[in-house]
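> requesting a structural model of the entry that follows:
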Amino acid sequence: MSLPPLVEPAPELTVDEVRRYSRHLIIPDVGMDGQKRLKNAKVLCVGAGGLGSPALMYLAAAGVGTLGIVEFDEVDESNLQRQIIHSQADIGRSKAESARDTVLGINPYVNVVLHEGRLEADNVMEIFSQYDLIVDGTDNFATRYLVNDACVLLNKPYVWGSIYRFDGQASVFWSEHGPCYRCLYPEPPPPGMVPSCAEGGVLGVLCASIGSIQVTEAIKVLTGTGDPLVGRLMIYDALEMSYRQVKVRKDPNCAVCGPNPTVTELIDYEAFCGVVSDEAQEAAAGSTITPKQLKEWIDDGENIDIIDVREPNEYEIVSIPGARLIPKNEFLMGGALQDLPQDKKIVLHCKTGVRSAEVLAVLKSAGFSDAVHVGGGVIGWVNQIEPDKPVY
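Numbering: from 1, shown residues only. Presented below is the predicted three-dimensional model:
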């Protein structure tokens, strides 16, 4: 659907700005009026990671006048495969500061505002209220629902994107004109069911594909150009090099944007999304060991069976000595249980401890009462026991 421009145009463009944005100005659908609207726009990017990197860079290049950046993390070497706004020299730096410096290097006429810290229920309304449009570059469900609910309550549009391995999705959610994220996904998936990019991986260039779609949609909404992805979900398959669209209709029973909402204020999103299920938390209570404890058991020759519940490609990168691989899904499907020894203590581990806690709950319910898992997973093992091994 065609929508009116989101922002009013700025009074004028300087001579230098006319030169810089000349290729926009000669497009009839953008022109001087559209570029002035971009100059007057205030856009907030939630995250300066895989999606936030290309989004921020192209929003800056396009001439968006004010760019806000919400980011709490520091640059890690594993980020550089896809987070192109950061460089080797930025490792260990604040992502927000690194992103700001790159943005200003692209376009010194942009006003960059940093919000260093986690986006949470107690600060999101105050931060979002300062901007016209939100670009969601987050990678976890709790923050996605937080972003959505805050935008609905503030009646602000936002551009959403999601990436995983070779697949990406994008849409524009604006409850005044169409559905919101909850209309598409009323409930989060069960904890541990959908791996994060840190667990499952992502093709680096996929971030650019989806991030550029997000910026395209942001420009269209800000300037009133074209037909934004309101009420439509764009699905991209990089392996097939195919795009397809799915219509998303406003849910009359939506908990937040429906006519009779049950969510009228921000909630506890970590609890709503169940970062770790109640069953996993209960199973892990009193059955969690440290990497150092596992090392002592190995050195003492304890009768244990160490099982790695990650995926095969993760196992190839780094593994704990003596661990055998049985991916989590084989436990969830039930096939792995029959092959477990009855005369050994089962010790589970994954990358950080989330997936192994979920598998531990399955084992406990199947009668393996003395099974344990390693808190911190293989990352904890590398940090505490074998620091020379690679991490990912």
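
> C-alpha only now, for contacts and for neighbours.
Fine.

> output the lowest mean pLDDT helix or strand found in the protein.
Within the chain, confidence by mean pLDDT, DSSP states H and E is lowest for helix 197-200 among all helices and strands, at a mean of 72.

> which other helices and strands does that one contact?
In this structure, helix 197-200 makes packing contacts with strand 158-164, judged by 3 or more C-alpha pairs under 8 Å, 6 or more residues apart in numbering; DSSP states H and E.

> paired strands for the strand it packs on, with orientation please.
In the sheet containing strand 158-164, its partner strands are strand 133-136 (parallel), strand 167-173 (antiparallel), by DSSP bridges.

> show me the domain layout of this structure.
With the TED database as the criterion, the domains of the chain are listed as 15-273, 278-385.

> low-confidence ranges in the stretch 251-392 of the chain?
For the stretch 251-392 of the chain, the stretches flagged by pLDDT under 70 are 274-275.

> quick one: mean pLDDT over the one helix or strand V221 maps to.
Under DSSP states H and E, the secondary-structure element containing V221 is helix 204-223. Rounded to a whole number, the mean pLDDT of helix 204-223 is 98.

> ok, stretch 63-81 next?
For stretch 63-81, the per-residue pLDDT values average out at 97.

> alpha carbons of that stretch, as PDB, please.
Coordinates of the C-alpha atoms in stretch 63-81 are reproduced here as PDB (Å, rounded to 0.1, in the frame of the first residue of the first chain):
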ATOM      1  CA  GLY A  63      21.600  11.200   4.100                       C
ATOM      2  CA  VAL A  64      19.400  10.400   7.100                       C
ATOM      3  CA  GLY A  65      20.000  13.400   9.300                       C
ATOM      4  CA  THR A  66      20.000  11.800  12.700                       C
ATOM      5  CA  LEU A  67      21.000   8.200  13.400                       C
ATOM      6  CA  GLY A  68      20.700   6.600  16.800                       C
ATOM      7  CA  ILE A  69      22.500   3.400  17.700                       C
ATOM      8  CA  VAL A  70      21.500   1.100  20.500                       C
ATOM      9  CA  GLU A  71      24.300  -1.300  21.300                       C
ATOM     10  CA  PHE A  72      25.800  -2.800  24.500                       C
ATOM     11  CA  ASP A  73      28.400  -5.200  23.100                       C
ATOM     12  CA  GLU A  74      32.100  -5.000  22.200                       C
ATOM     13  CA  VAL A  75      33.600  -6.000  18.900                       C
ATOM     14  CA  ASP A  76      34.800  -9.600  18.800                       C
ATOM     15  CA  GLU A  77      36.900 -11.200  16.100                       C
ATOM     16  CA  SER A  78      34.100 -13.600  15.200                       C
ATOM     17  CA  ASN A  79      32.000 -10.500  14.300                       C
ATOM     18  CA  LEU A  80      34.200  -9.400  11.500                       C
ATOM     19  CA  GLN A  81      33.000 -12.100   9.000                       C
END
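
> any idea whether L266 is helix, strand or coil?
Remark: L266 carries the secondary structure label coil [criterion: DSSP: H, G, I helix; E, B strand; the rest coil].

> now do the contacts for it.
Contacts were defined as C-alpha atoms under 8 Å, 6 or more residues apart in numbering; by that measure L266 touches 121, 146, 149-150.

> identify the farthest-apart pair in those residues.
Based on C-alpha to C-alpha, the longest span within the contacts of L266 runs between A121 and D149 and measures 9.9 Å.

> so what's the residue count around V246?
Neighbours of V246 under the rule other C-alpha atoms under 10 Å: 10.

> show me where the stretch 201-350 of the chain has helices.
With DSSP state H, counting those that start in this stretch applied, the stretch 201-350 of the chain shows helices at 204-223, 269-273, 278-284, 291-299, 312-317, 328-332, listed in chain order.

> and the strand or helix carrying V147, average pLDDT?
In this structure, V147 is located in helix 141-154 according to DSSP H and E. Confidence over helix 141-154, taken as the mean pLDDT, stands at 96.
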